[in-house]
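**Student:** here is my input; please provide its structure:
(chains A and B)
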Amino acid sequence: MKSVLGRSLPLRLCSLLLLLVFSAGFLSGQASLIIRAGTLHVGDGRILKDAFIVVEAGKITLVGPGYQAKKDSEILDFRDKVIVPGFIAAAAQMAVVGQANEEGSEVTPGMNLLYSINPRAADFERAWKSGVTAVFLAPGNRNVFSGTGTILKTRGRTPQDMLVRNQVQLKVTLGREPGQGNTPPRPAAFDLSIRRPQNRMGVVYLIRNELTKLQNKSGAPDSELTADEVLLRGVLQGKIPLRIRARAYLDIETAFRLMDEFGFRWVLEDGVEAWKYLDELKKRNVPVIYGPVYNLRGRPDFDRESDTYVGRTPLLLAEKGITFALKSSGENSVGRLREEAIFAVELGLAKDRALRALTLDAAKILGVEDRLGSIQAGKDADLLVFEGDPFEPSSRLVRVVMNGVVLDPQK
Amino acid sequence: MRIKRGFSRCGAWALALFICLPLLAQPQLVAVKAKKIYTATGGIVENGVILIQDGKILNVGSGLEIPWNATTIDHGKKVVIPGLVEAHAARGYDAANETNPLTPFVTVRDSIDTSHDDFKTALKSGVTAIHIMPGNATILGGLGSVLKTVGLVVEDMLLIPDSGMKISVVGTPSQTRMGVMAQLRRYFNETKDYMEKPDAAAGERMVSTPGSFRSSERVKYEAVADLFRGRYRAFVYCESPSDLRRACDLGKKYGYDSVFILGPECYKAADFIAANKLKVILDPELVYFERDPLTEETKRIDIARVFHEKGVVFALQSNPLEIHSRSLLYQAMQAMAGSLNAEEALQAVTIEPARLLGADEIVGSLEKGKLAHFAVLDDEPFKVSTKVEFVYIDGKPVYERDKDEELKKLMEGKLIK
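**Tutor:** Okay, here's the model as predicted:
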């Protein structure tokens, strides 16, 4: 009797302990992460003081003041810090293995950059350690139609892991770049390697040609079209917006003209001389991804007066009520998004407007405001914890939360 | 009698003249009032006055008595900081580097373009002294100068004509580091040999005025000889910790004093720098991302923070071409994010660079006897919205934001409809 009891008691205790350990593990797995914020910028312009964010399974489930924390919940106390949504780079070029353009043709709408992305690229780490938690990547500027863009989180093991949405906008480049270097050094005989557009006219010709071909096939069912053509039909039907990279005023005008002809939706990228068409952009409801704000001087195609306006354009866009995001450009530049915004603030842009340009408005332009861009229930738990005002260079970014995972960017 | 009378008349005139002369030659006194004066070395003076005589600071303090004959300038609601000192700049001219890698005998004074935009940009951001040097790509680059940021010709702007010798121990595209070191040693040894010759020891120290050179040998060695004689310091560009160590040893061996211009990777040598109390200027890129080739992890390094934690005192430099290092005040703000307090951050762009340049007797802080170089701000210095409203050099207002036509165009440009 004794011996049986003696054996069974420790056994029972053991099993009880095991159960406790398991259930505790189970609970902590399920338990929500609660973040307390001294100042919380929701992203839509609202600022909450001493608010709580409840995160479950990588998603925000509750945001509000004065939350009664459950005992088993993990609480991160940032009562003296400022929390903002993760920044979104609405345009970037990085992390591509090999070339960013398929140069086999100038018209490659079916290209998808997702297949060329290196998830281990240093750029991604650079991005999230600077506060950029999501990024829009599209093929380069060498083609007229260069392919569709992809929205990725900046941290993950595989591109699939990081994927937010695929085939988002179809990239078109206007201006010099698709034609640059295509002119043969001397008039050669028939040469297959010569690429088509050699100047601005050539670029516009190719766009018009492709879209007209599709218009003429409007009776044909999708099953008779190539993948490229299906995509272009999506553009004509307004399902897929064009992402038009246009810098000089004549390229922006070209885009307006094409819009009149074909009636597509579009987003203006770069828009160095967008300051000349503020009314038109507003009237046509065209969002702008503007940048870089700093140092755009001395490009040959621009009006001399543009020097005066480049830094101020974000402010002018804001005053007009045009939806805009910001971009940085150049090598290793994705982490400089906050700096671009700080510079715009230095030149007069309101801080709340600058924040929206990096968060909610960027998400809206990309069509992912259901998942990203603000700290609201139902969205991804991507947030940044700053020691102070995020638009003061002296405030340090102390924590980055991505999909509910809390990370230290200073390591 | 006559003589006596004449004598007394003479005496009266002499007496009158004696009394009046000092009045006639009364120096120009200026008193600048401000809400807050950051002195950089003596803390903050609230509701202070800067008394200036002939372009030099006579006194700084609160509640100073303003002499009756002083011109008072009232910046009563504004904040004053010392004129910022740019510790190292490869700008203000058309090209930074000579094609020949060994050109210690050249001086930037000959190539500085006083009307260059770089001076205006510097002045507008509160910089009153700028140290212009040859670029980082030449082994023995030549002599630099410390200049005011305003002037019609170089001679008007000079604060220190020969501020130091620019040296780079980093390899060039056509040369490895071992080649660079061999060339440096050979040049230095040749210079030592030259210095032992009897006529060289009595050398005229006219390095940079070509007319004074007597022989080709003098042209070749005198500039480095002056470095060895301690007339100026070497400013050595080092990219990596091993560059730093080599440059340090070279300086010890040949007995000259060095200031090290660090590349971002030199943060790894922070302990070495702290232990040897090296004089350092940090890279303009204050946030450095470093990739580990094995783990493929990218670390974020706040360089100012690393050095500050090790107790290294440093000077900051800016690079207006890049958004993330566009001005000295911006650099100071970034250094604050790297845990410096406001006073330390201000010192890193004022007195500390002045010390490295050997100019701390004349600029770098608001103290008795120094040149009256300062900037008047509309708010606290380390806020991004703060504007530089006035800049004073030698006690005179040389920049006024309200009268800056270029800026006006930028800020208030009307849209074309």
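
**Student:** now A:Leu349. Its backbone dihedrals?
**Tutor:** Main-chain torsions, A:Leu349, degrees, to the nearest 10: phi -70, psi 140.

**Student:** domain assignment for the chain?
**Tutor:** Picked chain A for this. A:29-86+A:373-411, A:87-372 (automatic domain parsing).

**Student:** not what I meant, chain B
**Tutor:** According to automatic domain parsing, the domains of chain B span B:1-81+B:367-417, B:84-363.

**Student:** so which of those comes closest to chain A?
**Tutor:** domain B:84-363 (3.8 Å; Cβ to the nearest Cβ). For glycine as for every other residue, the C-beta is placed from the backbone atoms N, C-alpha and C.

**Student:** what mean pLDDT does the closest one have?
**Tutor:** For domain B:84-363, the mean per-residue pLDDT is 91.

**Student:** export the domains of chain A as JSON lines, with columns for mean pLDDT, mean neighbour count and distance to B:Leu244.
**Tutor:** JSON lines is the format used below for the domains of chain A (pLDDT from 0 to 100; neighbours: other Cβ atoms under 10 Å in any protein chain shown; distance: least, Cβ to Cβ, whole Å):
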{"stretch": "domain A:29-86+A:373-411", "mean pLDDT": "90", "mean neighbour count": "18", "distance to B:Leu244": "24"}
{"stretch": "domain A:87-372", "mean pLDDT": "89", "mean neighbour count": "20", "distance to B:Leu244": "24"}
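
**Student:** the ones you listed into a markdown table, with extra columns for distance to B:His75?
**Tutor:** A markdown table is the format used below for the domains of chain A (distance: least, Cβ to Cβ, whole Å):
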| stretch | distance to B:His75 |
| --- | --- |
| domain A:29-86+A:373-411 | 24 |
| domain A:87-372 | 22 |
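
**Student:** can you list the ones you listed in JSON lines and add distance to chain B?
**Tutor:** Formatted as JSON lines, the domains of chain A follow (distance: least, Cβ to the nearest Cβ, whole Å):
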{"stretch": "domain A:29-86+A:373-411", "distance to chain B": "4"}
{"stretch": "domain A:87-372", "distance to chain B": "4"}
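
**Student:** for B:Leu184, which of those is the nearest?
**Tutor:** domain A:87-372 (31.6 Å; Cβ to Cβ).

**Student:** between the two ends of the closest one, how far is it?
**Tutor:** Length of domain A:87-372, first residue to last, Cα to Cα, to the nearest Å: 9 Å.

**Student:** what distance do you get for the closest residue to B:Tyr221 other than its chain neighbours to B:Tyr187?
**Tutor:** Nearest-residue entry for B:Tyr221: B:Tyr194, 4.2 Å, with adjacent residues in sequence omitted and distances by Cβ to Cβ, 6 or more residues apart in numbering or on different chains. According to Cβ to Cβ, to the nearest Å, B:Tyr194 and B:Tyr187 sit 10 Å apart.

**Student:** before we move on, back to that, with mean neighbour count added, can I get the domains of chain B in CSV?
**Tutor:** Output for the domains of chain B, formatted as CSV (neighbours: other Cβ atoms under 10 Å in any protein chain shown):
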stretch, mean neighbour count
domain B:1-81+B:367-417, 16
domain B:84-363, 19
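
**Student:** with distance to A:Leu317 added, can I get the ones you listed in TSV?
**Tutor:** Output for the domains of chain B, formatted as TSV (distance: least, Cβ to Cβ, whole Å):
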stretch	distance to A:Leu317
domain B:1-81+B:367-417	12
domain B:84-363	19
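
**Student:** about what we covered before: quickly find the element holding the residue nearest to B:Tyr221.
**Tutor:** Counting by DSSP states H and E, the element that carries B:Tyr194 is helix B:177-196.

**Student:** who touches B:Lys36 in this structure?
**Tutor:** By Cβ atoms under 8 Å, 6 or more residues apart in numbering or on different chains, the contact set of B:Lys36 is B:Ile44, B:Val45, B:Glu46, B:Asn47, B:Gly48, B:Val79, B:Val80.

**Student:** doesn't it belong to a strand?
**Tutor:** Yes: checked against DSSP: H, G, I helix; E, B strand; the rest coil, B:Lys36 lies within a strand.

**Student:** specify the beta-bridge partners of it.
**Tutor:** On the basis of DSSP bridges, B:Lys36 is bridged to B:Glu46, B:Val79.

**Student:** distance of it from B:Ser145?
**Tutor:** Distance of B:Lys36 to B:Ser145, given as Cβ to Cβ: 33 Å.

**Student:** spit out the contact partners of the residue found closest to B:Ala348 once you drop the neighbours it is linked to in the chain.
**Tutor:** Distances taken as Cβ to Cβ, 6+ apart place B:Leu316 nearest to B:Ala348, at 4.8 Å, with adjacent residues excluded. By Cβ under 8 Å, 6+ apart, the residues touching B:Leu316 are B:Ala87, B:Ile281, B:Leu282, B:Leu286, B:Ala304, B:Leu328, B:Gln331, B:Ala332, B:Ala335, B:Ala348, B:Val349, B:Pro353.

**Student:** check which helix or strand the fifth one maps to.
**Tutor:** Assessed by DSSP H and E, B:Ala304 sits inside helix B:303-309.

**Student:** can I get the contacts of B:Lys36 in JSON lines with distance to A:Ala318?
**Tutor:** Output for the contacts of B:Lys36, formatted as JSON lines (distance: Cβ to Cβ, whole Å):
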{"residue": "B:Ile44", "distance to A:Ala318": "36"}
{"residue": "B:Val45", "distance to A:Ala318": "39"}
{"residue": "B:Glu46", "distance to A:Ala318": "37"}
{"residue": "B:Asn47", "distance to A:Ala318": "38"}
{"residue": "B:Gly48", "distance to A:Ala318": "39"}
{"residue": "B:Val79", "distance to A:Ala318": "29"}
{"residue": "B:Val80", "distance to A:Ala318": "33"}
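
**Student:** and B:Val85, helix, strand or coil?
**Tutor:** strand.

**Student:** from B:Ala332, how far out is the residue nearest to it when sequence neighbours are not counted?
**Tutor:** Counting by Cβ to Cβ, 6+ apart, the nearest residue to B:Val85 once its immediate chain neighbours are dropped is B:Pro353, at 4.1 Å. Taking Cβ to Cβ as the measure, B:Pro353 falls 11 Å from B:Ala332.

**Student:** and what of A:Phe52?
**Tutor:** 35 Å.

**Student:** phi first, then psi, for the closest residue to A:Phe256 other than its chain neighbours.
**Tutor:** Excluding its sequence neighbours, the residue lying closest to A:Phe256 (Cβ to Cβ, 6+ apart) is A:Glu280, at 6.3 Å. Main-chain dihedrals, A:Glu280, degrees, to the nearest 10: phi -70, psi -40.

**Student:** ok, A:Glu280 touching A:Ala255?
**Tutor:** No: with contact defined as Cβ atoms under 8 Å, A:Glu280 does not count as touching A:Ala255 (10.2 Å).

**Student:** how about residue 246, nearest residue that isn't a chain neighbour?
**Tutor:** Went with chain A since none was named. If the residues on either side of it in the chain are set aside, A:Ala246 comes closest to A:Leu174, at 4.4 Å by Cβ to Cβ, 6+ apart.

**Student:** wrong chain, I was asking about chain B
**Tutor:** B:Arg246 sits nearest to B:Val169 (Cβ to Cβ, 6+ apart), 5.6 Å away.

**Student:** ok, now which ones touch the one you found?
**Tutor:** For B:Val169, the contact set (Cβ under 8 Å, 6+ apart) comprises B:Ile139, B:Arg177, B:Val180, B:Met181, B:Leu184, B:Val236, B:Tyr237, B:Cys238, B:Asp243, B:Arg246, B:Ala247, B:Leu250.

**Student:** ranges for the strands of the stretch 301-417 of chain B?
**Tutor:** Taking DSSP state E, counting those that start in this stretch as the test, the strands found in the stretch 301-417 of chain B are B:314-315, B:374-377, B:388-393, B:396-400.

**Student:** what's in contact with the longest one?
**Tutor:** Strand B:388-393 is contacted by residues B:32, B:75, B:78, B:83, B:123-126, B:128, B:148-150, B:371-378, B:397-402 when judged by Cβ under 8 Å, 6+ apart.

**Student:** repeat that for 7 Å
**Tutor:** Outside strand B:388-393, the residues that touch it by Cβ atoms under 7 Å, 6 or more residues apart in numbering or on different chains are B:78, B:83, B:123-126, B:128, B:148, B:150, B:372-378, B:397-401.

**Student:** thank you kindly, that will do.
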